[in-house]
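Trainee: coordinates only, sequence not included:
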């Protein structure tokens with residue numbers, strides 16, 4: 001039995017060896033398919049990977065006044081410009097109240113204008129009364145002071161002139177009488193000469209009386225009259241001043257009333273304006289809550305308006321915050337937008353560290369170039385560019401392997417259809433590429449595959465080259 005078992009094993013080994021020989025004869029060039037990549041020169045970017053979310057300005061809009069929704073002028077998903085009319089409430093009563101307020105404001109303005117004109121009139125009358133009071137006081141002072149030397153001289157000169165005129169009139173009368181006796185003149189001419197003498201005598205007596213009055217000084221009755229006239233003029237001036245004050249008070253009240261009426265009219269027009277709901281900024285109507293006919297009030301939103309462009313809020317680990325600064329460029333990708341990369345720039349870094357699920361993070365804002373166009377709430381991946389190394393020899397990071405014993409780096413160089421293990425000296429790297437400082441040349445082809453299936457001297461066929 002033992003010999004039979006040994007013979008069976010020998011026959012089985014021979015059969016297996018024959019099968020292997022047969023397969024090698026049938027498939028002499030069997031090769032492993034691998035992907036490969038060319039070693040190239042380029043710029044290596046060392047990035048800081050982050051996660052973030054797209055945010056945007058979004059507000060719920062409603063009316064500031066109660067009423068009933070009359071019309072919606074937009075639909076969900078519609079883009080609107082800043083200031084565009086979104087919705088309106090019934091404003092019939094508001095317009096009527098605004099018209100009444102405008103009319104009241106116009107009437108109040110006219111009343112204020114009339115009051116101002118009355119003030120000007122009262123001031124002119126007060127000025128005239130002041131002039132009259134000053135003149136009366138001057139007259140009283142003159143009466144009390146008596147005649148001035150100039151007045152006496154003038155009165156004496158008047159007496160002398162009247163005396164001279166009287167003497168001349170008497171000589172003319174004597175000549176006329178002689179001529180009348182001779183029959184040279186008529187009785188009428190003689191009577192005229194006598195009348196001239198009588199008039200000259202009257203003027204002479206009047207001049208003498210005025211001179212005597214000046215020499216006698218002021219009479220008590222004249223002083224009393226002048227005092228009464230001065231009191232009346234002063235009283236008239238005080239009455240005029242009171243009228244000015246009363247007119248000014250009425251004008252101030254009229255102006256205040258006019259100002260209040262203008263303010264009330266402006267408020268009424270503003271209420272009419274608040275019956276129109278307008279877009280505070282350019283955006284997209286993302287949701288409508290009410291339909292025409294619904295009651296509205298300040299606490300009830302009508303629709304939501306969202307800005308079409310936004311920004312990314314990224315969370316940075318506290319240990320990495322020193323690698324981030326304002327102005328730093330960023331690349332943003334999202335699963336919701338496959339194949340697209342959005343550029344951006346860090347525009348703000350929070351001053352406060354926040355605790356999130358046991359980690360300490362700092363929030364940063366990244367403004368997207370041209371707004372990005374991504375929907376708010378989209379989760380995104382962010383790469384902040386920390387460093388750029390130009391003119392570097394680059395190989396795929398997944399093509400650089402390390403030995404298990406000492407971590408020595410190496411690659412599998414494709415030479416024809418054979419893999420050759422090549423030790424390399426790598427430099428800085430990112431998630432995609434590694435700088436090769438020594439061991440490779442530009443244009444070399446390296447295998448990209450699971451290192452467990454590759455070995456030195458292995459025959460391969462290239463499935464793809466990148």
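Mentor: Sure thing, it's come through. Computed from a predicted model, the values in this text were never measured in an experiment.
Trainee: use CA for all of it now, contacts and neighbours both
Mentor: Will do.
Trainee: elements contacting the host helix or strand of residue 142?
Mentor: Element membership for residue 142 (DSSP states H and E) is helix 92-145. If you count contacts as 3 or more Cα pairs under 8 Å, 6 or more residues apart in numbering; DSSP states H and E, helix 92-145 packs onto helix 220-273.
Trainee: which element follows the helix it packs on toward the C-terminus?
Mentor: Next helix or strand after helix 220-273 toward the C-terminus (DSSP H and E): strand 276-278.
Trainee: still on that earlier bit, for the helix or strand following the helix holding residue 142, could you pull out the residues that count as buried?
Mentor: Sequence order places helix 149-181 as the next helix or strand after helix 92-145, per DSSP H and E. Neighbour counts over helix 149-181 (16 or more other Cα atoms under 10 Å) mark 152, 155-156, 158-159, 162-163, 165-166, 169-170, 172-173, 176-177, 180 as buried.
Trainee: any idea which of these is least confident?
Mentor: The lowest pLDDT within the buried residues of helix 149-181 belongs to residue 152, with 77.
Trainee: Which residues are in contact with that one?
Mentor: Going by Cα atoms under 8 Å, 6 or more residues apart in numbering, residue 152 touches 211, 214-215.
Trainee: Tell me the most packed of those, by neighbour count.
Mentor: Within the contacts of residue 152, neighbour counts (other Cα atoms under 10 Å) peak at residue 211, which reaches 21 neighbours.
Trainee: Backbone torsions only: list them for residue 336.
Mentor: phi -70, psi -10 (degrees, to the nearest 10).
Trainee: tell me what the helix or strand where residue 212 lies is packed against?
Mentor: Element membership for residue 212 (DSSP H and E) is helix 187-216. Contact partners of helix 187-216 among helices and strands, from 3+ Cα pairs under 8 Å, 6+ apart: helix 149-181.
Trainee: Doesn't residue 383 belong to a helix?
Mentor: No: counting by DSSP: H, G, I helix; E, B strand; the rest coil, residue 383 is located in no helix; its state is strand.
Trainee: Show the pLDDT at it.
Mentor: 90.
Trainee: show me the contacts for it.
Mentor: Shown in contact with residue 383 (Cα under 8 Å, 6+ apart): 47-50, 330-332.
Trainee: What is the neighbour count of the closest residue to residue 295 other than its chain neighbours?
Mentor: What sits nearest to residue 295 in space, not counting adjacent residues and going by Cα to Cα, 6 or more residues apart in numbering, is residue 68, at 4.5 Å. Neighbours of residue 68 under the rule other Cα under 10 Å: 18.
Trainee: now do residue 441
Mentor: Neighbours around residue 441, by other Cα under 10 Å: 15.
Trainee: how about it, secondary structure?
Mentor: Here residue 441 takes the coil state, with states given by three-state DSSP.
Trainee: quick one, the helix holding residue 142 and helix 220-273 angle?
Mentor: Here the directions of helix 92-145 and helix 220-273 differ by 170 degrees (axes from the mean of the first three to the mean of the last three Cα atoms, to 10 degrees).
Trainee: Pull the distance from helix 92-145 to the chain's centre.
Mentor: Put simply, helix 92-145 sits 42 Å off its chain's centre (Cα atoms, centre = their mean, to the nearest Å).
Trainee: ok but residue 183 is inside a helix, no?
Mentor: No: counting by three-state DSSP, residue 183 is not found in a helix; it is coil.
Trainee: Tell me the bridge partners for residue 367.
Mentor: residue 311, residue 345 (DSSP bridges).
Trainee: where's it relative to residue 374, distance?
Mentor: 12 Å (Cα to Cα, to the nearest Å).
Trainee: any idea of the pLDDT on residue 248?
Mentor: Note for residue 248: predicted pLDDT of 88.
Trainee: How about it, nearest residue that isn't a chain neighbour?
Mentor: Nearest one to residue 248, counting by Cα to Cα, 6+ apart, is residue 119 at 5.9 Å.
Trainee: Tally up the residues packed near the one you found, please.
Mentor: For residue 119, the neighbour count with other Cα under 10 Å is 21.
Trainee: ok, now the one 3 residues further on?
Mentor: Using other Cα under 10 Å, residue 122 is surrounded by 21 other residues.
Trainee: In contact with the closest residue in space to it that isn't next to it in sequence: list those residues for me.
Mentor: Distances taken as Cα to Cα, 6+ apart put residue 244 closest to residue 122, at 5.1 Å, once the chain neighbours are dropped. For residue 244, the contact set (Cα under 8 Å, 6+ apart) comprises 119, 122-123, 126.
Trainee: pretty sure residue 229 contacts residue 135?
Mentor: No: contact between residue 229 and residue 135 fails when scored by Cα atoms under 8 Å: they sit 9.9 Å apart.
Trainee: So residue 375 belongs to a helix, correct?
Mentor: No: applying three-state DSSP, one finds residue 375 to be coil, outside a helix.
Trainee: and it, how far is that from residue 138?
Mentor: Going from residue 375 to residue 138 by Cα to Cα gives 93 Å.
Trainee: what about the two, which has more around it?
Mentor: The neighbour count for residue 375 versus residue 138, taken as other Cα under 10 Å, is higher for residue 375 (17 against 14).
Trainee: That one and residue 333, how far apart?
Mentor: From residue 375 to residue 333 the distance is 13 Å (Cα to Cα).
Trainee: Also residue 195?
Mentor: For residue 195, the distance to residue 333 equals 132 Å [Cα to Cα].
Trainee: Next, count neighbours for residue 233.
Mentor: For residue 233, the neighbour count with other Cα under 10 Å is 21.
Trainee: my read: it touches residue 138, true?
Mentor: No: using Cα under 8 Å, residue 233 makes no contact with residue 138, being 11.5 Å away.
Trainee: per-domain residue ranges of this structure.
Mentor: Domains of the chain are assigned by automatic domain parsing as 27-45+390-465, 47-55+309-387, 63-89+275-296.
Trainee: would a markdown table of those domains with distance to residue 220 be doable?
Mentor: Converted to a markdown table, the domains of the chain look like this (distance: least, Cα to Cα, whole Å):
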| stretch | distance to residue 220 |
| --- | --- |
| domain 27-45+390-465 | 119 |
| domain 47-55+309-387 | 98 |
| domain 63-89+275-296 | 81 |
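Trainee: Which one, of the ones you listed, ends up nearest to residue 99?
Mentor: Among the domains of the chain, domain 63-89+275-296 comes nearest to residue 99, with 15.4 Å by Cα to Cα.
Trainee: Endpoints of that closest one, how far apart?
Mentor: The first and final residues of domain 63-89+275-296 sit 7 Å from each other (Cα to Cα).
Trainee: I'd like the distance from it to the chain centre, please.
Mentor: Worked out by Cα atoms, centre = their mean, domain 63-89+275-296 lies 23 Å from the chain centre.
Trainee: Repeat that for stretch 411-421.
Mentor: How far stretch 411-421 lies from its chain's middle: 68 Å, per Cα atoms, centre = their mean.
Trainee: list the buried ones in it?
Mentor: For stretch 411-421, by 16+ other Cα under 10 Å, it's 411-414, 418-421.
Trainee: Farthest pair within these?
Mentor: Within the buried residues of stretch 411-421, two members stand farthest from each other by Cα to Cα: 411 and 418, at 13.1 Å.
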